[in-house]
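**Q** Show me how the following folds:
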Amino acid sequence: MGRMAYVGIADPDPTSYMSSICNFKRLQADAAVGNSPLWFGEWALATQFDATDEFLSKWADPQKLAYSKSAGWIYWNFKTEISNTDGSALARQWSYLEGLKLGFLTQNPAALHDPNVCVPYMNKTTDDTSL
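**A** Numbering: from 1, shown residues only. Purely as a prediction, here's the structure:
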């Protein structure tokens, strides 16, 4: 379950994920064909690779930046249980409360750790409107 996010959108590595989300054109593409307002639901910090805590801290901001340009967004789950077998491995990527506790997410959902997080990644990929 921890490896289900962003399948087919970006190669399974931190740079590809950041480049993809920082060049997110879905809102413009949908608005051009009258498909708006658009809401984003069920996003999370999950990846297709073993993400470090450092990456997860960085990964939240560009998603909030992209999805906040829409009519709104909903995080995957406010709280998930932590089992004895996998510890917080899944919760750290799927639970807003766990992400908040670990410092990946902000107390104020509209706030960002780094509003310039996308600057190094802008225009680094092709314009993919299927995102």
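
**Q** okay, the residue most central in space within the chain: pLDDT?
**A** Taking Cα atoms, centre = their mean, the centroid of the chain lies closest to residue 63, which sits 3.8 Å from it. Residue 63 is assigned 93 on the pLDDT scale.

**Q** That one and residue 70, how far apart?
**A** 12 Å (Cβ to Cβ, to the nearest Å). To be clear about C-beta, it is placed using only N, CA and C from the backbone, and glycine gets the same treatment.

**Q** next one: residue 106
**A** Taken as Cβ to Cβ, the span from residue 106 to residue 70 is 18 Å.

**Q** ditto for residue 115
**A** From residue 115 to residue 70 the distance is 18 Å (Cβ to Cβ).

**Q** which one of those two has more residues nearby?
**A** Counting neighbours by other Cβ atoms under 10 Å for residue 115 and for residue 70 shows that residue 70 has the greater number, 16 against 11.

**Q** ok, now which ones touch that one?
**A** Shown in contact with residue 70 (Cβ atoms under 8 Å, 6 or more residues apart in numbering): 27, 37-40.
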